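Participant: Return a 3D structure for these sequence lines:
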Amino acid sequence: MKSNISYIALSILLLMGCKKEAFLDRYPMDALSEPTYFKNENDLKLFCNTLYTTLPEQSFPGDVNSDIMVPKSKFAFWADQYVVPVSGGFWSSSDWATIRSCNYFLSRYKVADASNDVKSKYAAEARFFRAHSYWGKVKLFGDVPWMGSYIVDTSYLLYAKRDPRKMVMDSVLSDLNFAINNLPLPEKAESGRLHKYAAMALKARICLWEGTHRRYFGEGDDVVYLQEAASNAEAIRSAGLYDVYSTGNPDKDYYNLFIQQELLNNKEAIFPMRYLKDVRMNNISRALGETNCGYSKSFVRSYLCTDGLPISLSHLYKGDDSLDAECINRDPRFKQTIATRGFVFLVNTDGSKDTISLPRIGTAVTSTGYQTIKGRSSDIATWNANQSVLDFFVFRYAEILLIEAEAKAELNTCTQAVIDNTINKLRKRVGMPNMVIASLQKDPGSEFPALPVLLDEIRRERKIELAGDGFRSDDILRWKAGKLLENPESILGMKLLPQTIAQYKYDVSGMPLDKDSYIRVYTDIISRTWKDKLYLYPIPTQELTLNPNLLPQNPGW
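Facilitator: A predicted model of the protein is given here:
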């Protein structure tokens with residue numbers, strides 16, 4: 001059966017009021033005493049429940065720290081305004097709590113009165129979460145201490161040395177393999193608990209990241225990770241359990257996929273995060289209506305025209321003198337991701353509709369004019385603060401298809417049959433022409449002019465399909481593509497011609513524009529300057545003082 005997270009979430013709420021520390025505090029961490037022994041399966045389950053709060057669920061808008069979204073306030077790190085912290089900085093003891101909790105469990109679970117299969121299943125859950133947490137540390141800092149066992153002394157980080165990131169990631173891969181081998185199939189998994197294909201989805205995601213990172217940073221040993229990414233994604237696809245959500249309505253299906261109150265039976269949901277009224281709710285629609293954010297001009301230019309060609313090659317492109325013109329003859333995901341004329345912003349309780357006629361620039365709704373609507377419902381019930389019960393994805397089948405296509409393209413094994421089974425499944429949902437490898441033309445306006453055209457277009461598809469889902473900053477990092485942030489259009493908004501300003505209901509006459517009449521979200525800079533030190537975060541200075549084994553500091557800091 002598909003995952004039903006709500007029951008686990010409810011038990012966590014009852015046990016710990018949504019704070020994992022409250023549960024962990026029940027167990028003394030400095031010595032083994034009677035309460036620290038896991039007596040039975042229920043004890044194993046309750047402890048592992050606390051780890052589920054770290055599941056990587058989608059979060060809209062998730063790409064504010066990238067080149068495709070422009071928050072009103074600059075992302076300080078990639079604006080090179082980040083000051084090396086004295087303490088904290090994602091390195092405090094609380095930042096390592098999940099890893100320590102997993103190690104605590106793995107050092108003690110075998111004493112429980114349960115079958116070996118049951119104990120191995122919960123050990124697999126713990127290793128899944130340890131793998132995910134360690135991957136996060138490697139993305140932030142590169143080389144980090146690998147703690148493969150529980151250490152009683154709470155100052156364990158004060159003396160640990162940094163292990164090479166490749167060694168740490170090989171250990172992460174080992175954890176993921178254990179999880180896959182010991183978690184049940186979905187139909188045998190308890191409702192709401194991890195299963196084999198969820199672990200395979202995480203493995204495919206991490207292996208694509210690690211394989212491409214090793215390749216583009218020249219670290220070597222990349223092929224094995226790319227092969228693992230491709231094979232795990234293909235195995236999920238070949239299982240036949242999942243599919244691309246479609247009702248046959250290409251102008252609505254993509255948008256509707258992200259505003260569903262129940263993903264439990266949606267075949268695109270490999271693993272959903274469920275929300276139920278008065279049990280566990282979220283603030284997604286309200287937040288998306290007040291983001292002070294918006295998609296960037298560079299992102300909007302990425303949408304293909306309905307003939308399957310980029311705007312630089314298609315005669316169907318109508319230009320961008322207005323949003324009305326810009327969305328004509330474009331990939332239908334454009335109007336299902338960005339608010340355009342006629343989009344119903346809100347349906348009030350009396351049935352009246354707040355319908356968009358002009359982009360609401362100059363308001364909290366959007367910084368760029370390209371208002372985010374993906375994941376945002378117009379239902380007033382979801383607008384009330386913390387009252388939304390729209391479900392979120394943890395792992396979505398579309399991502400798996402994109403992983404398979406990209407990994408195989410990197411391995412030079414991506415055939416037309418692969419594209420038909422992956423990219424073209426996503427295009428079919430929205431009525432776009434199939435990608436045909438033999439007919440691909442290199443986009444003169446490509447972000448990656450040196451990249452082979454197939455890989456270039458797969459990256460474009462990923463950018464469009466996963467827009468706002470929170471993957472873009474990771475993609476920039478793993479491709480060693482920080483220079484994308486230097487594109488001036490990555491911090492610009494829509495064109496606002498002087499003759500159209502008078503049409504707006506609110507005063508936009510003082511809206512800062514560049515020389516070509518595009519909205520300048522930041523008045524103090526025309527473009528960002530990328531520095532390679534920004535591929536990693538610095539270790540807080542206090543940690544380096546306390547533990548010389550952590551030296552040297554990350555490059556450039």
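
Participant: so where does the spatially closest residue to Thr541 that is not a sequence neighbour fall, helix or strand?
Facilitator: On the basis of Cβ to Cβ, 6 or more residues apart in numbering, the spatially nearest residue to Thr541 that is not a chain neighbour turns out to be Val86, at 5.4 Å. For glycine as for every other residue, the C-beta is placed from the backbone atoms N, C-alpha and C. When secondary structure is defined by DSSP states H and E, Val86 falls outside every helix and strand.

Participant: if I pick Val86, what's in contact with it?
Facilitator: Residues in contact with Val86, defined by Cβ atoms under 8 Å, 6 or more residues apart in numbering, are 540-542.

Participant: Which of the residues you listed has the largest number of neighbours?
Facilitator: The most neighbours of any of the contacts of Val86, using other Cβ atoms under 10 Å, belong to Pro540, which has 20 neighbours.

Participant: My read is that that one contacts Gly88, right?
Facilitator: Yes. Here Pro540 lies in contact with Gly88, judged by Cβ atoms under 8 Å, at a distance of 6.3 Å.

Participant: can you pull the contacts of the closest residue to Tyr295 other than its chain neighbours?
Facilitator: Computed as Cβ to Cβ, 6+ apart, the closest residue to Tyr295 that is not its neighbour in sequence is Tyr370, at 3.8 Å. Neighbour list for Tyr370: 294-297, 299-300, 323, 338, 359, 493-494 [criterion: Cβ under 8 Å, 6+ apart].

Participant: Ignoring the adjacent residues along the chain, who's closest to Ala325?
Facilitator: The spatially closest residue to Ala325, leaving aside those adjacent along the chain, is Lys318, at 4.3 Å (Cβ to Cβ, 6+ apart).

Participant: if I look at that neighbour, how far off is Thr306?
Facilitator: According to Cβ to Cβ, to the nearest Å, Lys318 stands 12 Å off from Thr306.

Participant: Name the residues contacting each of these two.
Facilitator: Shared contacts of Lys318 and Thr306 (Cβ under 8 Å, 6+ apart): Asn329.

Participant: any chance you could map the strands in the stretch 201-350 of the chain?
Facilitator: Chain-ordered strands for the stretch 201-350 of the chain, with DSSP state E, counting those that start in this stretch as the definition, fall at 269-273, 344-347.

Participant: Number of residues surrounding Ser174?
Facilitator: Counted with other Cβ under 10 Å, residues neighbouring Ser174 total 13.

Participant: and it, which of the three is it?
Facilitator: The assignment at Ser174 comes out as helix when based on DSSP: H, G, I helix; E, B strand; the rest coil.

Participant: Between the two ends of stretch 238-251, how far is it?
Facilitator: The straight-line separation of the ends of stretch 238-251 (Cα to Cα, to the nearest Å) is 28 Å.

Participant: same check, this time on stretch 59-70
Facilitator: Counting by Cα to Cα, you get 16 Å between the two ends of stretch 59-70.

Participant: just stretch 539-556 next, same as before
Facilitator: Across its full length, stretch 539-556 reaches 12 Å between end residues, using Cα to Cα.

Participant: what sits up against it?
Facilitator: Against stretch 539-556 from outside (Cβ under 8 Å, 6+ apart): 84-89, 91, 141-142, 157-162, 531-534, 536-538.

Participant: Can I get the contacts of Val86 in CSV including pLDDT and distance to Val172?
Facilitator: CSV is the format used below for the contacts of Val86 (pLDDT from 0 to 100; distance: Cβ to Cβ, whole Å):
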residue, pLDDT, distance to Val172
Pro540, 97, 23
Thr541, 96, 27
Gln542, 94, 27
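
Participant: Low-confidence regions, this protein specifically.
Facilitator: Residue ranges of the chain with pLDDT under 70: 1-36, 152-158.
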